[in-house]
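> Give me coordinates for this.
(chains A and B)
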Protein chains: 2
Amino acid sequence: MASSKSKVAIIGSGNWGSVAARLVASNTLKLSNFHDEVRMWVFEETLPSGEKLSSVINQSNENVRYLPGIKLGENVVADPDVESAVKDANMLVFVTPHQFVDGICKKLVGKIRQDATAISLIKGMDLKPEGPSMVSKLIKDSLQIDCCVLMGANIANEIAKEQFSEATVGYAENKSLADEWVRLFNTNYFLVSAVQDVAGVELCGTLKNVVAVAAGFVDGLQLGNNTKAAIMRIGLNEMRAFCKMLFASVNDETFFESCGVADLITTCLGGRNRMCAEAFAKSGGKRSFDELEAEMLKGQKLQGVLTAKEVYIVLSQRGCLQMFPLFTTVHHICTGRLPPSDIVRYREHANNSALVNSDSNMVPAALPAIRSLRASRIQVQDSNNVGQCMTALPGGLSCVICALSTNSRCRNIPAD
Amino acid sequence: MASSKSKVAIIGSGNWGSVAARLVASNTLKLSNFHDEVRMWVFEETLPSGEKLSSVINQSNENVRYLPGIKLGENVVADPDVESAVKDANMLVFVTPHQFVDGICKKLVGKIRQDATAISLIKGMDLKPEGPSMVSKLIKDSLQIDCCVLMGANIANEIAKEQFSEATVGYAENKSLADEWVRLFNTNYFLVSAVQDVAGVELCGTLKNVVAVAAGFVDGLQLGNNTKAAIMRIGLNEMRAFCKMLFASVNDETFFESCGVADLITTCLGGRNRMCAEAFAKSGGKRSFDELEAEMLKGQKLQGVLTAKEVYIVLSQRGCLQMFPLFTTVHHICTGRLPPSDIVRYREHANNSALVNSDSNMVPAALPAIRSLRASRIQVQDSNNVGQCMTALPGGLSCVICALSTNSRCRNIPAD
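The predicted structure follows:
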């Protein structure tokens, strides 16, 4: 009987990892189909006291380094050896910085259970010109196992305090597996639901940071809630368009979930991306992000600024900059090419090809054919990756934006 | 030639009316198919100086009472006689408090141009048990003319300062008419787009206030951005569900427009509904809304509290309270039946029928058949007004919530 129970391992023990372990451990105690014990892999550190972090966690039941003051649950066991942490587990929760996933997976090949399955709680990914480096895909391909994602408006410290919040599980095909992840994470203060859209859910967790940078600019310029709400809305729609451009399977409903609009809101209200962008705009762009990161984030790089650059490269290569004027303008402001005050003039800049071409790091827009059919409308054909187009056009051209809006006019293109 | 030009009248001259007049007047000067002059009906008042408001507006080109310090444009002409204000106009912009529309329309029957058409900028409506009193419908039926609506994240004073914002025009069928309204209002700092969904656009402008009350409770309880974002998201989805319950024609895309998510965000960040609800929650519900309105709003009634009550009556009559646990909980908190802290326990209360039935003002749920098919799922059949259901159920029952979500489980119903 016991062997049919699921056993959970948490791979990662930072702030969010510790909170995830605590959430999961409260449920494995209650639910009969899970083993009580939750093993948490700890990247070993020696604390100033000379003690090992994993030992202190096991003695005190607290992650004194990354989640001090919060008991994790007696059934959480810290393990400094990742192979040992996962060896009995069939449910693997990945919650490390995204840079570490590749190395961890390589280490785990052949060391996990045959029936293991994974979920990634990791927000942030590299968007390479050849496509996004989805963490879920990396895990899936490396370990040859199914990998769901869990994203949402999840500020770890607020969830640790059991303040009400929500999350979204994105799954590929296996609905019953998704339901199992929902059962594992769902509590009365942390509501989890599942949608069949791994790509949409996972990309939201990365792209929202670009919008948070834009929202931070608005805050720094003290432009008021009207403007901030408008920029957030436009950002949400560019997130939708970008996701659909990369993956035709992305579902509009995903953006109404916690991973979509709610995570966007929380990130644009608080968060380091918004905060640093606010300081940047207040300085009129005179202080660089490098300088602000050194001062405000102790040198950590700001995810939103990195992602804005990566988005820009992807769009540039695909010849789709015109379709994403807000994302494009955020990048130009971050690099100092435009002043922060131009965030609300975003529509004017995306069509400025001189500005686009002056970026010597960029590959010229070549692959997709961009054709302006009418002054007020630009249609894009991009061989494989366009969304479904509502407008029938001559030559079978499709418009990324039309596919997303019932509007008569692409709002991203200046009016004629 | 001149007779083919459109002529605009603004019916109303409060804060938003004056800003609308200024927006429109800047465009009629620029666009060749509009008469320059914009006539603005002013509900005449005698100022403390003894002068008439309309005279002062025409002398100073400023609405010194409702938009001091802002020039309206030389081509705005204040007119204290509503019949005279509209008599040459074919484009009528309604922007009065909603209580006045009926009386104004009655006065205007037979006094407007044959080819006149209207738009309503009026947010807030009465939601009566027999259906919502849509302002656009009142105008349409009274005057027998087409009536569009314009809604969005529109804080009048921010638009008066030409801070970047957006709006949505909702139209019924006539797309070219909608485009004409867009041309009339759109500027480089006020982006307007059109969607074919009058009901969705107009209802958003009313329902968002209920969500703002919920967001204010979260602020008063100091629960953090995670919780606030979650409550806003759930509110947005109950807005969608409510609109679709009343009008099957409502389009999901509408909620991605300025009138939807952006207006919701701006109203939940600032605004009097949020502010009073915050004060209410801070007092632990000990100070009544009547008392707070008297103190903070000089006795004006809070739209969100009124609308929450009206929504509750509509839902109660239709037997749909279980489908709208957040809206229902907001009403119970406003009336003091539940403490403000229960906003995050909303799922527990909507199913509490004792609580529902204890409201002696409510008509018992009778008309629609509510059937619980499974413990974790409630299906509703409401003869005419259900949305399209994605789930095929025995007996042709439809589920309002299923129609809105790709989730496997109604999130509004407590998990089993």
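
> Residues touching stretch A:335-342, excluding its own?
A:217, A:220-221, A:280-281, A:284-285, A:288, A:309, A:329, A:332-333, A:348-349, A:355, A:358-359 (CB atoms under 8 Å, 6 or more residues apart in numbering or on different chains). Every C-beta, even on glycine, is put in place using the N, C-alpha and C of the backbone.

> Restrict these to the buried ones and give me that as a PyMOL selection.
Applying 16 or more other CB atoms under 10 Å in any protein chain shown to these, the buried members can be selected in PyMOL as follows:
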select buried, chain A and resi 217+220+221+280+281+285+309+329+332+333+349+355+359
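
> For the residue nearest to A:S288 when sequence neighbours are not counted, give me phi and psi.
Leaving aside its sequence neighbours, A:S288 sits nearest to A:G336 (CB to CB, 6 or more residues apart in numbering or on different chains; 7.1 Å). A:G336 adopts backbone torsions of phi 80, psi 0, taken as degrees, to the nearest 10.

> ok, now A:I11?
phi -100, psi 100.

> Tell me who's in contact with it.
Here A:I11 is in contact with A:17, A:41, A:82, A:85-86, A:92-96, A:104 (CB under 8 Å, 6+ apart).

> same question, A:L177
Contacts of A:L177 by CB under 8 Å, 6+ apart are A:117, A:146, A:148, A:171.

> Would you mind putting those into JSON lines with neighbour count, distance to chain B and pLDDT alongside?
Shown next, in JSON lines, are the contacts of A:L177 (neighbours: other CB atoms under 10 Å in any protein chain shown; distance: CB to the nearest CB, whole Å; pLDDT from 0 to 100):
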{"residue": "A:T117", "neighbour count": "21", "distance to chain B": "18", "pLDDT": "98"}
{"residue": "A:D146", "neighbour count": "19", "distance to chain B": "17", "pLDDT": "97"}
{"residue": "A:C148", "neighbour count": "26", "distance to chain B": "14", "pLDDT": "98"}
{"residue": "A:Y171", "neighbour count": "24", "distance to chain B": "10", "pLDDT": "98"}
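
> want to try a markdown table for the residues you listed, with secondary structure as columns?
Below are the contacts of A:L177 laid out as a markdown table (DSSP: H, G, I helix; E, B strand; the rest coil):
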| residue | secondary structure |
| --- | --- |
| A:T117 | strand |
| A:D146 | coil |
| A:C148 | strand |
| A:Y171 | coil |
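
> can I get those in JSON lines with distance to A:A156?
Output for the contacts of A:L177, formatted as JSON lines (distance: CB to CB, whole Å):
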{"residue": "A:T117", "distance to A:A156": "24"}
{"residue": "A:D146", "distance to A:A156": "25"}
{"residue": "A:C148", "distance to A:A156": "19"}
{"residue": "A:Y171", "distance to A:A156": "23"}
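
> Strands of the stretch 1-150 of chain A, start to end?
Applying DSSP state E, counting those that start in this stretch to the stretch 1-150 of chain A gives strands spanning A:6-11, A:34-41, A:62-63, A:67-71, A:76-79, A:91-94, A:117-120, A:127-128, A:131-132, A:147-151.

> if we look at the third one, which residues are touching it?
For strand A:62-63, contacts defined as CB under 8 Å, 6+ apart pick out A:13, A:18, A:53, A:56-57, A:68-72, A:78.

> So which of the residues you listed wins on neighbours?
A:S13 (31 neighbours; other CB atoms under 10 Å in any protein chain shown).

> Find the nearest non-adjacent residue to the residue positioned nearest the centre of chain A, please.
When CA atoms, centre = their mean is applied to chain A, the residue found nearest the centroid is A:G205 (1.9 Å). Among residues not flanking A:G205 along the chain, A:K123 sits closest, at 3.6 Å (CB to CB, 6+ apart).

> A:A153 versus the one you found, what's the distance?
For A:K123, the distance to A:A153 equals 11 Å [CB to CB, to the nearest Å].

> What of A:V42?
27 Å.

> A:V213 too?
18 Å.

> again with A:E291
Per CB to CB, A:E291 is found 30 Å from A:A153.

> if you count what's nearby, which of the two comes out ahead?
A:A153 (31 against 13).

> For that one, grab phi and psi.
phi -80, psi 80.

> Would you check that it makes contact with B:A229?
Yes. Counting by CB atoms under 8 Å, A:A153 does reach B:A229; the two are 4.2 Å apart.

> Fine, thanks again, bye for now.
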